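Novice: Here's my sequence, what's the structure:
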Amino acid sequence: MTPSQSSTLTLCWIKRFLIVLVALSIAGLGYLVIHSGKRESAAHLQTEVERPYDKFRVGEINLVEYDHEGLIIRLSVEEVIHRKRRSRLFEYQNLKELRFAHILLDIYPRKPVNSSNNYGIPYDLLGRCFHFVPGSGMPKPIESYLKENSDIDLDVLSRIQFDDLVLNIHYPTGASLAVTAEKAYSGGDFQSFVLAGNVRIITPHGENVCAPLAVFSRKSDGILFPSGHFRQESYERQKTFYRLNNDGSLLQLTQFPDIKYVDPLEVKEEELYDKIFRKLPPFQRVMFGITALQ
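Specialist: Okay, the predicted model is just below:
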């Protein structure tokens with residue numbers, strides 16, 4: 001074999017090797033793409049399964065309401081689910097809830113909420129935002145259900161939950177109250193409106209308040225911060241209650257009523273857990289991570 005023939009043969013083998021290498025690379029890439037797609041599809045299906053609903057699950061809802069003077073409510077939500085209430089251990093067949101995901105609310109009250117304050121919270125309009133969601137039904141108090149009233153309706157809309165809430169209240173004066181929170185809850189009658197997770201409130205006066213938890217109380221006509229909060233640049237560690245002044249600023253009250261904001265169902269479940277765990281022997285309490293009982 002001449003040197004030129006040997007060189008040509010070597011080049012042929014190199015070309016064949018490169019072709020095989022490229023083919024294997026393409027095949028491997030195709031395998032990864034196919035299986036990656038399968039994993040994404042499986043993850044998508046798993047997500048769909050993990051979001052069960054009772055009456056309905058709908059997406060991309062935009063609702064507006066007008067009165068004779070113009071716009072009063074604008075609601076935009078990515079998804080609404082009507083579902084059964086779930087807790088750590090139970091799924092309640094008779095108790096239902098509405099979940100609003102990525103919700104934007106704009107409310108335009110036409111007159112002061114009360115005669116003494118231009119900047120109160122219009123709870124009646126806030127409630128109407130959800131009562132006219134098609135098929136949701138009217139919220140009902142959960143207390144009669146927990147009292148084992150035999151005459152109670154067996155389909156109780158007991159809670160409204162919000163994920164990624166943005167609420168703007170536009171007052172007739174031109175000022176606004178802006179509220180954002182990762183989550184929010186209400187019993188449906190909006191006697192209390194609980195905001196949780198990176199809560200931020202900007203008052204009509206321009207004050208900025210941040211907190212892990214805030215409660216709008218209808219009965220007490222104010223805002224409770226149970227776990228401390230930042231107001232402008234200062235931090236307040238203690239439980240604090242404010243009312244909105246007539247100029248839109250915050251008025252701190254040194255004495256305020258005891259505001260009940262914990263879900264009654266959670267209270268009943270805690271009582272049940274306490275009874276159950278007290279009956280466990282010490283080693284089983286350790287298994288469940290229970291080191292002490294009050």
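Novice: For the nearest residue to Thr240 once chain neighbours are set aside, which residues are in contact?
Specialist: Using Cβ to Cβ, 6 or more residues apart in numbering and skipping residues adjacent in sequence, the residue nearest Thr240 is Phe225, 4.8 Å away. Every residue, glycine included, has its C-beta placed from N, CA and C. Neighbour list for Phe225: Val209, Ala211, Leu213, Ala214, Val215, Glu236, Lys239, Thr240, Phe241, Tyr242 [criterion: Cβ atoms under 8 Å, 6 or more residues apart in numbering].
Novice: Skip the chain neighbours and tell me the closest residue to Ile202.
Specialist: Using Cβ to Cβ, 6+ apart, the closest residue to Ile202 is Ala178 (4.3 Å).
Novice: same question but for His102, I mixed them up
Specialist: In space, His102 is closest to Glu78, 3.8 Å off (Cβ to Cβ, 6+ apart).
Novice: which stretches of this structure form helices?
Specialist: Listed in chain order, the helices of the chain (DSSP state H) span residues 3-49, 123-131, 143-146, 264-278, 282-287.
Novice: can you pull the buried residues of stretch 75-90?
Specialist: Leu75, Val77, Glu79, Val80, Ile81, His82, Arg83, Lys84, Arg85 (16 or more other Cβ atoms under 10 Å).
Novice: just checking, the third one touches Phe56?
Specialist: Pointing back at Glu79 there. No: using Cβ atoms under 8 Å as the test, Glu79 is too far from Phe56 to be in contact (10.7 Å).
Novice: if we can go back for a sec, any figure for the gap between the residue nearest to Ile202 and Arg200?
Specialist: Going from Ala178 to Arg200 by Cβ to Cβ, to the nearest Å gives 8 Å.
Novice: And Glu236, by the same measure?
Specialist: 15 Å.
Novice: Any idea how many residues pack against Ala181?
Specialist: 25 (other Cβ atoms under 10 Å).
Novice: Identify the residue spatially nearest to it, adjacent ones excluded.
Specialist: Nearest one to Ala181, counting by Cβ to Cβ, 6+ apart, is Leu195 at 4.0 Å.
Novice: Please name the residues that touch the one you found.
Specialist: Here Leu195 is in contact with Leu165, Val179, Ala181, Lys183, Ala184, Leu213, Ala214, Val215, Phe216 (Cβ under 8 Å, 6+ apart).
Novice: Now list the buried members of those.
Specialist: Buried subset of these (neighbour count, 16+ other Cβ under 10 Å): Leu165, Val179, Ala181, Ala184, Leu213, Ala214, Val215, Phe216.
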